[in-house]
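Undergrad: Sequence first, then the predicted structure, then my questions.
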2 protein chains.
Amino acid sequence: MYVTLIRMSTVRGARERARIEVTAAIKDEARRRLADEGAAKLSLRAVARELGMVSSALYRYFPSRDELLTALIIDAYDSLGAAAEAAGAAALAAGSPPRARWTAVCEAFRAWALAHPHEYALIYGSPVPGYSAPQDTVVPASRVANVLIGIVRSAHEGRGLALPPLPATLRAEAGRMTAEFAEGLPPEVTAALVAAWAQLAGLVSFELFGQFNNVVEERDAFFAHAADQLAHAVGLPALGRP
Amino acid sequence: MYVTLIRMSTVRGARERARIEVTAAIKDEARRRLADEGAAKLSLRAVARELGMVSSALYRYFPSRDELLTALIIDAYDSLGAAAEAAGAAALAAGSPPRARWTAVCEAFRAWALAHPHEYALIYGSPVPGYSAPQDTVVPASRVANVLIGIVRSAHEGRGLALPPLPATLRAEAGRMTAEFAEGLPPEVTAALVAAWAQLAGLVSFELFGQFNNVVEERDAFFAHAADQLAHAVGLPALGRP
DNA sequence: CTCTTTCGAGAGCACTGCTCTTGCTTTGGT
DNA sequence: ACCAAAGCAAGAGCAGTGCTCTCGAAAGAG
């Protein structure tokens, strides 16, 4: 059994090695074309042409165009999640207080989105196919959220966060959400956290999708302030008062 | 000149009448197919087929598929804007205080989105074509924002809204935004309002695009609370204290 | 009644996702 | 070392797409 696991993760032969390489090459080329012209115009034939193979050969690696897009979505979630985790870890290593760590992660989120607009659109824009959310995407999708949860949790463990009580209609739901993925947090904080997560994406989406054109000019300063207000909304204490 | 204006708005002859009717029929059928299968799968040929005409004839009415989509986008903005305006006017007529009017408009926004998911995705999701935002869309696009601005402005004129001061980096920008489309509001409120507008869309988008699947179950209660918190963030006083 | 504009129909081009069949190469068991 | 099995690339082909062009008929203007 142990040996089997080892052999599963190692490269068995030239054939499997080639398959891995070709799969990666397809995804790379697809990502390049995605960055150039967006998901709508991503065509399997063009990817195959660019790779010097015929389009039908590509179906040995991805059973359909949607499956290729799903693979790109998972990679995008992982890339964005890694960026958020790195920003959180760096801020933690620098000894920043929770609120500064929160805004650092928000800034990293936005920076990644600005650097990979089409990949961001792929994951946080409108779902391109018949909006199928395969189970493979839920784990990578939760990485960003988990970073934010971790920051708020450490702040709560440190000095205790308090927010106004929830309306009666939301108390059970907030308790359930807390038990499910934010154990230890006050239910009010969990509810605020989930909302802040969506609101963060709303801010970035509006900037990226042109909704802020002719409205917001100083994007950096505007986002920094909005992210700080988001931190306030989840109960993180303001900086300056230790 | 007066006669000319009259004749511009009236129907000149059978030919123009037919053109208007056919144009409307094309948009209706396109909207129907959009609601069924989404913008990605909307095909001119299918629309023409359903209307009993040949695809090339459709190009007499819309020069390209993207132009048809743009027309649908404008209509969607107008429909959503009308829904928001109606909700705001109804709450005003009922004598509701600003904070209740704010949440009423937010609820109307969400209700419209849930009722027209693909049209919502068209305007607030990722831009489908080469992300062209024609100038024709900016006026209808601002209707929702104007309703929210109006509510906050009336609240400010009533008793004066106050929010913590802005960071220095944002003061000039907030002043510019205020002068441009929110005359009379404190700059801090204008900045919070623009952020809240994007955050509102973020909340709705997350629900609609499946990001809340397996996370938020009680969507109605969750959104109601989040919208209320948004009202708090722009400085609207809480209910219960007149 | 003419002449011009407008419109629908059809053919056609270049492209797409996807399937199926045909051979070639690598692999794993005997 | 051999040989069947599996994996693979290539090509042809199907149904569909956006869009262009030409042609004949209908409607409006003079």
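TA: Good, I have the coordinates. Numbers count the residues shown, from 1 in each chain, chains lettered A, B, ... in the order given.

Undergrad: going forward, measure contacts and count neighbours with C-alpha atoms only.
TA: Will do.

Undergrad: how much space between A:Glu183 and DNA strand D?
TA: 44 Å (Cα to the nearest atom of the strand, to the nearest Å).

Undergrad: ugh, typo on my part, it should be A:Ile123
TA: 24 Å.

Undergrad: Not counting sequence-adjacent ones, nearest residue to that residue?
TA: Distances taken as Cα to Cα, 6 or more residues apart in numbering or on different chains place A:Ile73 nearest to A:Ile123, at 6.1 Å, with adjacent residues excluded.

Undergrad: what's around that neighbour, how many residues?
TA: 22 (other Cα atoms under 10 Å in any protein chain shown).

Undergrad: so what's it scoring on pLDDT?
TA: Note on A:Ile73: pLDDT of 95.

Undergrad: again, but for A:Leu80
TA: So A:Leu80 comes in at 98 (pLDDT).

Undergrad: Need the three-state assignment for it.
TA: helix (DSSP: H, G, I helix; E, B strand; the rest coil).

Undergrad: Is it in contact with A:Phe109, as I believe?
TA: Yes: in this structure, A:Leu80 is within contact of A:Phe109 by Cα atoms under 8 Å, at 7.0 Å.

Undergrad: on that earlier part again, can you give me the distance of the residue nearest to A:Ile123 to DNA strand C?
TA: A:Ile73 is 16 Å from DNA strand C, by Cα to the nearest atom of the strand.

Undergrad: Run a quick neighbour tally on the residue in chain A that DNA strand D sits nearest to.
TA: Nearest residue of chain A to DNA strand D (Cα to the nearest atom of the strand) works out as A:Met53 at 3.5 Å. Using other Cα under 10 Å, A:Met53 has 13 other residues around it.

Undergrad: Helix or strand: which one has it?
TA: In the assignment (DSSP states H and E), A:Met53 maps to no helix and no strand.

Undergrad: got it, and A:Leu193?
TA: Residue-wise, A:Leu193 maps onto helix A:187-208 under DSSP H and E.

Undergrad: Show me what that helix is packed against.
TA: helix A:98-115, helix A:117-124, helix A:138-159, helix A:168-181, helix A:219-233, helix B:187-208, helix B:219-233 (3 or more Cα pairs under 8 Å, 6 or more residues apart in numbering or on different chains; DSSP states H and E).

Undergrad: average pLDDT for the fourth one?
TA: Read it as helix A:168-181. 98.

Undergrad: May I see the buried residues of that helix?
TA: Using 16 or more other Cα atoms under 10 Å in any protein chain shown as the test for burial, helix A:168-181 gives A:Leu170, A:Arg171, A:Glu173, A:Ala174, A:Gly175, A:Arg176, A:Met177, A:Thr178.

Undergrad: Now do it against helix A:187-208: the angle between them, please.
TA: Helix A:168-181 runs at 80 degrees relative to helix A:187-208, counting by axes from the mean of the first three to the mean of the last three Cα atoms, to 10 degrees.

Undergrad: same thing with the shortest one?
TA: Interaxial angle of helix A:117-124 relative to helix A:187-208 (the same axes, to 10 degrees): 140 degrees.

Undergrad: Can you tell me the element A:Arg49 falls in?
TA: Applying DSSP H and E, one finds A:Arg49 within helix A:44-50.

Undergrad: Please state the offset of that helix from the chain centre?
TA: 28 Å (Cα atoms, centre = their mean, to the nearest Å).

Undergrad: Show me what that helix packs onto, helices and strands only.
TA: Using 3+ Cα pairs under 8 Å, 6+ apart, helix A:44-50 sits against helix A:14-37, helix A:55-58.

Undergrad: mean pLDDT for the ones you listed: which is lowest?
TA: helix A:14-37 - the lowest mean pLDDT of the helices and strands packed on helix A:44-50, at a mean of 92.

Undergrad: Can you name the residue of chain A nearest DNA strand C?
TA: Closest point on chain A to DNA strand C, by Cα to the nearest atom of the strand, is A:Ser43, at 2.8 Å.
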